[in-house]
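Visitor: Give me the fold of what follows.
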Amino acid sequence: MSGTTHPIRHRLRIGVLDNDLCALECIVAMVRQACGEHAPDVWACSKPAQAIQE
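Guide: Numbering: from 1, shown residues only. Next up is the predicted model:
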């Protein structure tokens, strides 16, 4: 196969839903730390109706 192929990169978005705000902060921090330099877009919410709209 000739030519150069470039991998398609997709931005990963992770949503965290929990009614415990402290747990939300910890989960988001753990996900960001685990991903390192390739950190996804991580958002957190404690309201199910708002999370559905995301």
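Visitor: drop to CA atoms for contacts and neighbour counts, all remaining ones
Guide: Noted.
Visitor: For Arg32, which non-adjacent residue is spatially closest?
Guide: Ala39 (5.4 Å; Cα to Cα, 6 or more residues apart in numbering).
Visitor: per-residue pLDDT, that neighbour?
Guide: At Ala39, the model reports a pLDDT of 73.
Visitor: Please work out how many residues are found near Leu17.
Guide: Residues lying near Leu17 (other Cα atoms under 10 Å) number 19.
Visitor: Output the lowest mean pLDDT helix or strand found in the protein.
Guide: Least confident helix or strand of the chain, by mean pLDDT, DSSP states H and E, is helix 48-53 with a mean of 78.
Visitor: Need the contact partners of that helix.
Guide: Helix 48-53 is contacted from outside by 15, 17, 45, using Cα atoms under 8 Å, 6 or more residues apart in numbering.
Visitor: In it, which residues are buried?
Guide: By neighbour count on 16 or more other Cα atoms under 10 Å, the buried set for helix 48-53 is empty.
Visitor: thinking again about what came up before, JSON lines for the contacts of helix 48-53, including pLDDT, distance to Ala34 and secondary structure?
Guide: Converted to JSON lines, the contacts of helix 48-53 look like this (pLDDT from 0 to 100; distance: Cα to Cα, whole Å; DSSP: H, G, I helix; E, B strand; the rest coil):
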{"residue": "Gly15", "pLDDT": "80", "distance to Ala34": "15", "secondary structure": "strand"}
{"residue": "Leu17", "pLDDT": "81", "distance to Ala34": "19", "secondary structure": "strand"}
{"residue": "Cys45", "pLDDT": "84", "distance to Ala34": "20", "secondary structure": "strand"}
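Visitor: Nearest to Ala29 among those?
Guide: Among the contacts of helix 48-53, Gly15 lies closest to Ala29 (Cα to Cα), at 12.6 Å.
Visitor: I'm done for today, thanks for sticking with me.
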